[in-house]
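give the three-dimensional model of this entry:
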Amino acid sequence: MNNRTKLKVLFGMIVICMILSASLGAAASEKGIWTPQKREGHYIQVLDKGKWAPDTYKAVQNLIDRSGAGSPGYDPNRKPYVVFDWDHTSIMNDTEEALFLYQIDQLAFNMQPEEFYEVIKKNVPNGPFSHEFKNLQGDAVTLEEIAEDLKRDYEFLYSNYEGMNGKEQLETLHSTDQFIDFKAKMYFLYEAIGETHGIEIGYPWVLYLFANMSTMEVQQLAEASNDYNLGAEMASVSLVSPESMSGRAGTVQVAYTTGLRLATEIANLMHTFMENGIDVYVISASMEEVVEVFSSNPKYGYNLPKENVFGMRLKKKDGIIQAEYKDNWPITAREGKVEVIEQTISKARADTVQYS
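Purely as a prediction, here's the structure:
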């Protein structure tokens with residue numbers, strides 16, 4: 001389990017609830033469907049029992065009962081709200097990691113080799129990675145070494161892939177040692193950066209690979225990745241770079257998890273909150289535009305308003321994504337989530353409250 005996954009499991013298993021008003025009641029459907037019930041003039045959606053543990057179900061339903069639209073203290077101008085994490089919470093596994101691997105498999109990059117070489121080193125300190133990131137020869141791997149190998153691989157792929165500057169089909173390139181080396185060392189580098197240098201460097205780094213794309217291009221890629229990974233097997237895969245391409249970094253091995261799954265109980269919980277007059281927000285350590293695709297596209301079942309989704313942000317120039325993190329925007333993990341709540345959600349609500 002990599003650093004990104006461990007952090008998201010640790011901080012993401014709990015729904016962060018910022019409740020600002022109180023009380024309403026409803027009974028649960030015995031058939032596990034969304035059942036409107038009338039109480040004091042209000043039609044109320046109750047929570048689907050689904051696979052909730054009984055005590056958890058009761059606690060969440062009681063929260064909805066105390067805080068929804070029919071409660072005595074409810075103020076529609078100052079609605080209560082809840083904030084969810086996304087990866088490993090609202091879905092199974094990690095959207096951004098799945099997209100990273102899909103981007104590699106599709107060679108969906110819009111950078112020439114020299115620019116790619118600079119981007120994969122961006123903001124990453126030189127020198128060896130932490131002790132667990134050694135090659136199979138037992139030697140430490142440095143940023144400089146693995147970046148040189150990846151530049152060599154990317155130059156070959158860029159020159160030969162029909163979607164870049166060549167004539168070969170993707171399927172043909174997938175069987176080459178250069179592509180196998182590229183995929184293994186890209187994921188090895190991703191894991192090594194995150195574990196060695198932490199979220200401030202590791203989380204933005206993977207997003208820089210969208211450089212020179214438009215938001216539409218990234219979201220189309222994200223949707224294709226979601227669709228593919230929702231149908232993919234949930235499994236652990238080990239990658240080993242070919243000895244023929246050992247280069248400066250040597251031969252490396254790394255493992256990753258395949259597949260994504262929808263969390264239907266979480267989608268139902270979100271809908272139940274909204275139907276009861278409680279606003280729902282998502283704050284994710286994945287890229288904002290990427291999470292928007294999953295959380296807002298009706299075909300995935302969450303149906304959240306795009307304006308209620310917050311995540312990592314990159315700079316844009318004339319609508320084109322730059323390999324730079326947005327100024328004055330928090331890294332949306334750990335305490336950064338609280339900063340987003342304070343800077344956006346809470347502040348916006350405070351600004352709209354009318355005092356007599």
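
for the strand or helix carrying Ala192, packing partners?
According to DSSP states H and E, Ala192 maps onto helix 177-197. Other helices and strands packing on helix 177-197, by 3 or more C-beta pairs under 8 Å, 6 or more residues apart in numbering; DSSP states H and E, are helix 3-12, helix 95-106, helix 143-160, helix 199-207, strand 235-240, strand 253-258. Yep, even glycine has a C-beta here, placed from its N, CA and C like the rest.

save those as TSV, and put in mean neighbour count too.
Listed next are the helices and strands packed on helix 177-197 as TSV, based on neighbours: other C-beta atoms under 10 Å:
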stretch	mean neighbour count
helix 3-12	18
helix 95-106	21
helix 143-160	20
helix 199-207	20
strand 235-240	12
strand 253-258	17
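
name the nearest residue to the spatially most central residue of the chain, ignoring sequence neighbours.
The residue lying closest to the centre of the chain (C-alpha atoms, centre = their mean) is Ser286, at 3.3 Å. Spatial nearest neighbour of Ser286, excluding adjacent residues (C-beta to C-beta, 6 or more residues apart in numbering): Glu96 at 3.8 Å.

what sits against that neighbour?
Arg4, Asp87, Val206, Leu207, Ala285, Ser286, Met287, Val290 (C-beta atoms under 8 Å, 6 or more residues apart in numbering).

and of these, the nearest to Arg349?
Using C-beta to C-beta, Ala285 comes nearest to Arg349 of those, at 23.3 Å.

what bits of this structure have low per-residue confidence?
The model of the chain has pLDDT under 70 over residues 1-44, 350-356.

which residue ranges make up the domains of it?
For the chain, automatic domain parsing gives the domain ranges 3-92+261-352, 95-217+227-258.

just to revisit the earlier point, check which helix or strand the residue nearest to the centre of the chain maps to.
strand 279-287.

which secondary structure elements does that strand contact?
helix 3-12, strand 81-84, helix 95-106, helix 199-207, helix 264-275, helix 288-296, strand 309-312, helix 335-340.

swap in 7 Å and give it another go.
Helices and strands touching strand 279-287, by 3 or more C-beta pairs under 7 Å, 6 or more residues apart in numbering; DSSP states H and E, are strand 81-84, helix 95-106, helix 264-275, helix 288-296, strand 309-312.

direction included, what does that strand pair up with?
Strand 279-287 has the following strand partners under DSSP bridges: strand 81-84 (parallel), strand 309-312 (parallel).

how about the helix or strand that the last one is followed by: buried residues?
Same thing as strand 309-312. Of the helices and strands lying after strand 309-312 in sequence (DSSP H and E), the nearest is strand 314-317. For strand 314-317, the neighbour count (16 or more other C-beta atoms under 10 Å) marks Leu314 as buried.

distance from the chain centre to strand 314-317, please.
19 Å (C-alpha atoms, centre = their mean, to the nearest Å).

contacts for it, please.
Leu207, Ile321, Gln322, Glu324, Tyr325, Lys326 (C-beta atoms under 7 Å, 6 or more residues apart in numbering).

circling back: would you mind measuring from the residue nearest to the centre of the chain to Gln220?
16 Å (C-beta to C-beta, to the nearest Å).

out of the helices and strands packed on helix 177-197, which comes closest to Glu275?
Distance to Glu275, taken as C-beta to C-beta, is lowest for helix 3-12 among the helices and strands packed on helix 177-197, at 24.0 Å.

mind listing what's buried in stretch 336-353?
Neighbour-count burial for stretch 336-353 flags Gly336, Lys337, Val340, Ile341, Thr344, Ile345, Arg349 (criterion: 16+ other C-beta under 10 Å).
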